[in-house]
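> no letters, just coordinates:
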């Protein structure tokens, strides 16, 4: 069945975040979306990891930008996994889920927007991704590269002023911290056709609140908890979905 929601970095409550197994688990559970984070390797390849350093997640240390992609893939995550490239994850996700790509620490990298866009074009997934970032100037650069690609600013709290930003960027999404949403602004986004994304909703109490906002697309680490709460009558066996 289809679970309308976003697997945050895949399914990190059960698998190492931002790894192929984590994304595969989210897909197999039937979630409509996955979210991932990208940085650039020394040789300009978009790779998938939340932090700009590899220390927390791998058996190595240092900044991603100091290693080539082949060097990065010599390190292991949780002893068995490798740091995936953006291209690898997109090929896994193609025709199965929509992918939310967050550009991280954009000021550390030259032409990260171009590199990310090139991969999206290469895999032919411009209609199956959207790109988010706290760096709204970076999103503006991406918009200059393409009028088609869907983008969305990341913000901690949705404010009236953000509607000018949405218009300026020609954004289709806005991603907001779960406790930074007001009903009137959600309704305004609904009226404009802007998809509100809430991050990161993990407790039952938080999930309960978002039953009052059915249009909001919820991001979660706790995929099975989310599924059990919102789809209590679903069968135990999930099927892959095409979106």
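Done, it's in. Here the structure is a predicted model, which means the values were calculated and not measured.
> for the longest helix along the chain, packing partners?
What stands out as the longest helix in the chain, according to DSSP state H, is helix 112-123. In this structure, helix 112-123 makes packing contacts with strand 31-40, strand 46-48, helix 86-93, strand 98-103, helix 136-145, judged by 3 or more Cβ pairs under 8 Å, 6 or more residues apart in numbering; DSSP states H and E. Every C-beta, even on glycine, is put in place using the N, C-alpha and C of the backbone.
> output the contacting helices and strands for the third one.
Meaning helix 86-93. Under the contact criterion of 3+ Cβ pairs under 8 Å, 6+ apart, helix 86-93 touches helix 20-29, strand 31-40, strand 46-48, strand 98-103, helix 112-123.
> the shortest one too?
Strand 46-48 makes packing contacts with strand 31-40, helix 86-93, helix 112-123 when contacts are defined by 3+ Cβ pairs under 8 Å, 6+ apart.
> which one of those lies nearest to residue 195?
Distances from residue 195 to each of these were compared using Cβ to Cβ; the shortest belongs to strand 31-40, at 10.4 Å.
> chain center to that closest one: distance?
Going by Cα atoms, centre = their mean, to the nearest Å, the spacing between the C-alpha centre of strand 31-40 and its chain's C-alpha centre is 3 Å.
> adjacent strands (with direction) for that strand?
With DSSP bridges as the criterion, the sheet partners recorded for strand 31-40 are strand 3-8 (parallel), strand 46-48 (antiparallel), strand 98-103 (parallel).
> so which of the ones you listed gets nearest residue 178?
With Cβ to Cβ as the criterion, residue 178 lies closest to strand 3-8 of the strands paired with strand 31-40, at 11.3 Å.
> now the closest one: mean pLDDT?
For strand 3-8, the per-residue pLDDT values average out at 98.
> can you check what angle separates it from helix 20-29?
Our comparison of strand 3-8 with helix 20-29, counting by axes from the mean of the first three to the mean of the last three Cα atoms, to 10 degrees, yields an angle of 170 degrees.
> which residue is nearest the centroid of the chain?
To find the centre residue of the chain, average its C-alpha atoms and take the closest one (Cα atoms, centre = their mean): that gives residue 35, at 2.3 Å.
> mean confidence score for the longest helix of the chain?
Along helix 112-123, the predicted local confidence has a mean pLDDT of 98.
> that helix vs strand 31-40, what angle?
130 degrees.
> what helices or strands is whichever helix or strand comes after helix 112-123 leaning on?
Scanning forward in sequence from helix 112-123 by DSSP states H and E, the next helix or strand is strand 129-133. With contacts defined as 3+ Cβ pairs under 8 Å, 6+ apart, strand 129-133 has these neighbours: strand 98-103, helix 136-145, strand 150-155, strand 173-177.
> mind checking how far the longest one is from the chain centre?
This points to helix 136-145. On the basis of Cα atoms, centre = their mean, helix 136-145 sits 17 Å off its chain's mean C-alpha point.
> what of the last one?
The chain centroid and the centroid of strand 173-177 are separated by 11 Å under Cα atoms, centre = their mean.
> next, the buried residues of it.
Using 16 or more other Cβ atoms under 10 Å as the burial criterion, the residues of strand 173-177 that qualify are 173-176.
> which residues are contacting it?
100, 130, 132, 150-158, 162, 166, 189, 194-199, 219 (Cβ atoms under 8 Å, 6 or more residues apart in numbering).
> which among the residues you listed end up buried?
Neighbour counting over the contacts of strand 173-177 (16+ other Cβ under 10 Å) leaves 100, 130, 132, 150-155, 158, 162, 166, 189, 194-199, 219 as the buried ones.
> without its sequence neighbours, what residue ends up closest to residue 229?
In space, and not counting its chain neighbours, residue 229 is closest to residue 207: 4.9 Å by Cβ to Cβ, 6 or more residues apart in numbering.
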